[in-house]
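Asker: Just to be clear, the model below is a prediction. Sequence and coordinates:
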Amino acid sequence: SQRRDACPHPTDYTRGAVHQHLVVMPIYLDYAASTPIDPRVAQAMCECLGAEGEHGNPASLSHDFGRCARKLVEQARGQVAQLLNATPPSIVLTSGATESNNLALFGAARFHAPRGRHIISARTEHKAVLDPLQQLEREGFDITLLKPESSGVITPAQLEAAVRPDTVLVSLMHANNETGAIQDIGAFGALCRARGILLHVDAAQSAGKLPIDVQGLNIDLLSLTGHKFYGPKGVGALYVRRQPALGLQPLILGGGQEFGMRSGTVPTHQVVGLGLACELAAAEWAEDADRIGSLRTRLWQGIASLGEIEPNGSGDSQLCSILNVCFHGVEGESLQFALRELAVSAGAACSTGSAESSYVLRALGRSDQEAQSSLRFSLGRFTTQADIDTAVTVIRREIPRLRALSPRIAS
């Protein structure tokens, strides 16, 4: 664990007061929720700020300040496009994957409603997809949510069986944010393209961690966000197929920025951070994956001998950075508290505070008790072997203690 200055209470905010409060910070194993900004990205962002930086409005092209900012924005757009094997004009800059998902779903469904009102997705999608689909259902669209296999995977056969003559849109994530299950997007893309159905992919967890070729995979719309691969929060992108143009109804109207798809002043420093994060990911993802995968294996091997634990969504196709584990015989409410030396998650960050167990794990066949007794460990670029060894020590100490203190729980 790392010793850091604790954040002071607002009333204690005087010079030097912060140094009087020292706490031991937990080991960060929640990279699926958000990654730290890479120092190289932070530096590039800082260079855009202040009077000496590129602080002009990228839409103000009548002077050098605006033109220099626009140049940086377009450079970043190209970096995002290169990560996806896309063309720069197909990249719409947004505030993150949630906005990108909303723009893709509402924009495509409403624009193409005259062709059909049936949409296919999955029960294990992120809330940023499921909630917009609920709204579209209220607007008269018919939504089919596929149930994955116990591994977390949707098979191409399941998708094909669900397709109807009025199916206009399919939305399936690339890698699941809770289990790491990776879907066969290539098979989905081929199926949809052959039937004239639009395919939207939520790639929030996979962008920068897996190779993505939007053209080769026949993807029509793809969402990503910077803070899942060492870029800043508050910025993301939506890939929108341009050839042939697919038609999309904008959600935010105003100045007509981002090809009329997303009005609003483009935040140069955040976009620069997103672009560099994409460039670094393209160059380093394979090396990162090898190292992170070995750490994930070390974590699992270190705790598996405890017995009565098993991975959720196990299978051959999973992100190397996520390990979701069910600890049988442990009361879920006490699990995270006992492991407070580790910053881990019981599920998606958007669901933190909810009293319900993970809907993703329940969709995979887990009982409420099993889902509540599960934790997601997610690793990243700055996770060390020492972090993993400490985590193993903490888990091996606390799980037997919890089992001894708790009445036997029937799974």
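Answerer: Everything's here; your move. All figures in this text were calculated on a predicted structure; none of them were measured in a lab.
Asker: For the helix or strand containing residue 131, enumerate the helices and strands it packs against.
Answerer: Under the criterion of DSSP states H and E, residue 131 resides in helix 127-138. Applying 3 or more CB pairs under 8 Å, 6 or more residues apart in numbering; DSSP states H and E, we find helix 127-138 packed against helix 97-111, strand 118-122, strand 142-146. (C-beta placed from N, C-alpha, C; glycine too.)
Asker: Can you name the residues in contact with the last one?
Answerer: Around strand 142-146, the neighbours that count as contacts under CB atoms under 8 Å, 6 or more residues apart in numbering are 117-123, 125, 130, 133-134, 136-137, 154, 158-159, 162, 166.
Asker: Same check on the second one?
Answerer: In this structure, residues lying in contact with strand 118-122 by CB under 8 Å, 6+ apart are 105, 109, 129-130, 133, 136, 141-148, 154, 159, 162-164, 166-173.
Asker: Neighbours of the closest residue to residue 320 other than its chain neighbours, how many?
Answerer: Distances taken as CB to CB, 6 or more residues apart in numbering place residue 293 nearest to residue 320, at 3.5 Å, with adjacent residues excluded. By other CB atoms under 10 Å, the residues close to residue 293 number 15.
Asker: Double-check that residue 293 belongs to a helix.
Answerer: Yes: under DSSP: H, G, I helix; E, B strand; the rest coil, residue 293 sits within a helix.
Asker: still on that earlier bit, take the helices and strands packed on helix 127-138 and lay them out in JSON lines including mean pLDDT, distance to residue 314 and mean neighbour count.
Answerer: Shown next, in JSON lines, are the helices and strands packed on helix 127-138 (pLDDT from 0 to 100; distance: least, CB to CB, whole Å; neighbours: other CB atoms under 10 Å):
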{"stretch": "helix 97-111", "mean pLDDT": "98", "distance to residue 314": "26", "mean neighbour count": "24"}
{"stretch": "strand 118-122", "mean pLDDT": "98", "distance to residue 314": "18", "mean neighbour count": "24"}
{"stretch": "strand 142-146", "mean pLDDT": "98", "distance to residue 314": "20", "mean neighbour count": "16"}
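Asker: could the ones you listed be laid out in a markdown table, adding distance to residue 304?
Answerer: Formatted as a markdown table, the helices and strands packed on helix 127-138 follow (distance: least, CB to CB, whole Å):
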| stretch | distance to residue 304 |
| --- | --- |
| helix 97-111 | 33 |
| strand 118-122 | 29 |
| strand 142-146 | 31 |
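Asker: returning to what we had before: drop anything exposed from the contacts of strand 118-122.
Answerer: Buried residues within those, counting neighbours by 16 or more other CB atoms under 10 Å: 105, 109, 129-130, 133, 136, 141, 143-144, 146, 148, 154, 159, 162-163, 167-173.
Asker: quick one: the strands in the stretch 151-300 of the chain?
Answerer: 167-171, 198-202, 221-225, 236-240 (DSSP state E, counting those that start in this stretch).
Asker: and of these, who's closest to residue 285?
Answerer: Relative to residue 285, the nearest member of the strands of the stretch 151-300 of the chain by CB to CB is strand 221-225, separated by 13.3 Å.
Asker: which residues touch that closest one?
Answerer: Contacts of strand 221-225 (CB under 8 Å, 6+ apart): 80, 84, 96-98, 100-101, 104, 108, 198-204, 207-208, 212, 214, 235-241, 246, 248.
Asker: Partner strands of that strand, with direction?
Answerer: strand 198-202 (parallel), strand 236-240 (antiparallel) (DSSP bridges).
Asker: could you give me the average pLDDT of it?
Answerer: If you average the pLDDT over strand 221-225, you get 98.
Asker: what's the answer for stretch 195-202, then?
Answerer: Stretch 195-202 comes out at a mean pLDDT of 98.
Asker: With stretch 320-334 instead?
Answerer: Per-residue scores along stretch 320-334 average to 90.
Asker: Could you pull up the mean pLDDT of stretch 55-64?
Answerer: On average, stretch 55-64 scores 92.
Asker: Oh, that last question was meant for stretch 368-388, not what I typed.
Answerer: 96.
Asker: What separates the first and last residues of that stretch, distance-wise?
Answerer: Using CA to CA, to the nearest Å, the span of stretch 368-388 from its first residue to its last is 28 Å.
Asker: Now do that stretch: distance to the chain's middle.
Answerer: 16 Å (CA atoms, centre = their mean, to the nearest Å).
Asker: One more: stretch 29-47?
Answerer: Going by CA atoms, centre = their mean, where stretch 29-47 is centred and where its chain is centred differ by 14 Å.
Asker: same question, stretch 49-69
Answerer: Relative to its parent chain, stretch 49-69 has a centroid offset of 31 Å by CA atoms, centre = their mean.
Asker: just stretch 111-129 next, same as before
Answerer: Distance, stretch centre to chain centre, for stretch 111-129: 19 Å (CA atoms, centre = their mean).
Asker: what's the straight distance from one end of that stretch to the other?
Answerer: 17 Å.
Asker: Surely residue 325 and residue 375 touch.
Answerer: Yes: in this structure, residue 325 is within contact of residue 375 by CB atoms under 8 Å, at 5.9 Å.
Asker: Who has more neighbours out of the two?
Answerer: Set residue 325 next to residue 375 and count neighbours by other CB under 10 Å: residue 375 wins out with 23 against 20.
Asker: Just the element for that one, please.
Answerer: strand 374-378.
Asker: Quick check: phi and psi on residue 57?
Answerer: Per-residue torsions, residue 57: phi -80, psi 120 (degrees, to the nearest 10).
Asker: and if you look at residue 116?
Answerer: According to degrees, to the nearest 10, residue 116 has phi 170, psi 160.
Asker: Tell me which residues touch it, please.
Answerer: Here residue 116 is in contact with 164-168 (criterion: CB under 8 Å, 6+ apart).
Asker: please redo it, this time with the cut-off set to 7 Å
Answerer: 166-168 (CB atoms under 7 Å, 6 or more residues apart in numbering).
Asker: cool, residue 210 as well?
Answerer: Neighbours of residue 210 in contact, by CB under 7 Å, 6+ apart: 174-175.
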